[in-house]
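S.K.: based on what follows, work out the 3D shape:
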Amino acid sequence: MDYTPAPSDAPLRRHARIARTLILLGAVLLAALPPALLLLGEEGIPTGQADGLLGLPAMPLDTAARWRTALVSLLPVGGGLYALRQLWALFGEYREGRVFCAAAQRALVRFAWAVFGLSLALPLSRALMSVAASLGNPPGQRFVTLSLFWHDGLHLLFGVVLLSIAHVMAQARRIADENAGFV
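M.R.: Just a heads-up that it's a prediction; the model follows:
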């Protein structure tokens, strides 16, 4: 038996609609990153955005370097889109009032694992992007940039917290199912 509370009230539905709108906006912006890397001019990444955007030093990027960095960016972009897809499913269940259903719990677990995985993949992706950007440089001018930002650790902690919450919700769902079976 799968316990689902009575259909949700208006605030939860409204919240789910707003969340899904923001998820859609985030997916569009995230999907725009690889094409944006291709559209960078020969001057490359602007100095003020280099560390925040890619973890790369400001440097000119030729066409081949832009293509390589855009291709490497597909790793974190794909992971981010997967995470957003799980949130889309989760808030779809919430919109229908199925807060504790199995589908919502599975979506939350998959989102938590995606956040955890991205916390590990993002520093690796930045390192790979630095290699991709400098691969066309002459020998001795190629480099690997290893960068860890404070938000990498925050993503890791956030993933662990979400995994814990997902497991607690799974336990709560099992207990609710058992209790519903007694009635």
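S.K.: got the contact list for stretch 104-123?
M.R.: The contact list for stretch 104-123, computed with C-beta atoms under 8 Å, 6 or more residues apart in numbering, reads 55, 75-76, 79-80, 82-83, 86-87, 89-90, 93-94, 98, 146-148, 152-153, 155-156, 158-160, 162-163, 165-167, 169-170, 173. Using the backbone N, CA and C atoms, a C-beta is placed for each residue, glycine as well.
S.K.: residue nearest the centroid of this protein?
M.R.: Central residue of the chain (C-alpha atoms, centre = their mean): residue 80, 3.0 Å from the mean position.
S.K.: which non-adjacent residue is nearest it?
M.R.: The spatial neighbour of residue 80 that comes closest, neighbours along the chain excluded (C-beta to C-beta, 6 or more residues apart in numbering), is residue 30 at 4.9 Å.
S.K.: my guess is the one you found contacts residue 79, does it?
M.R.: No. The pair residue 30 and residue 79 does not pass the contact test of C-beta atoms under 8 Å, sitting 9.8 Å apart.
S.K.: with just CA atoms, put stretch 131-138 into CSV.
M.R.: Coordinates of each C-alpha in stretch 131-138 appear next as CSV, following Å, rounded to 0.1, in the frame of the first residue of the first chain:
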residue,chain,number,x,y,z
VAL,A,131,43.5,21.1,-20.4
ALA,A,132,41.1,21.5,-23.3
ALA,A,133,41.7,25.3,-23.4
SER,A,134,45.5,25.0,-23.4
LEU,A,135,45.9,21.9,-25.5
GLY,A,136,46.7,23.9,-28.6
ASN,A,137,49.4,25.9,-26.9
PRO,A,138,53.0,25.2,-27.7
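S.K.: average pLDDT for that stretch, rounded please.
M.R.: Across stretch 131-138, pLDDT averages out at 84.
S.K.: which residues are in contact with that stretch?
M.R.: 54, 56, 59, 61-62, 64-65, 68-69, 71-72, 141-144.
S.K.: narrow these to those in helices?
M.R.: Using DSSP state H, the subset of the contacts of stretch 131-138 located in helices is 64-65, 68-69, 71-72.
S.K.: low-confidence bits of the protein, can you list those?
M.R.: 1-8, 41-59, 183 (pLDDT under 70).
S.K.: buried residues, stretch 92-101. List them.
M.R.: 92-101 (16 or more other C-beta atoms under 10 Å).
S.K.: what is the end-to-end distance of that stretch?
M.R.: Using C-alpha to C-alpha, to the nearest Å, one end of stretch 92-101 lies 12 Å from the other.
S.K.: now do that stretch: distance to the chain's middle.
M.R.: 21 Å (C-alpha atoms, centre = their mean, to the nearest Å).
S.K.: out of the contacts of stretch 131-138, who has the most neighbours?
M.R.: Using other C-beta atoms under 10 Å as the neighbour criterion, residue 69 leads the contacts of stretch 131-138 with 26 neighbours.
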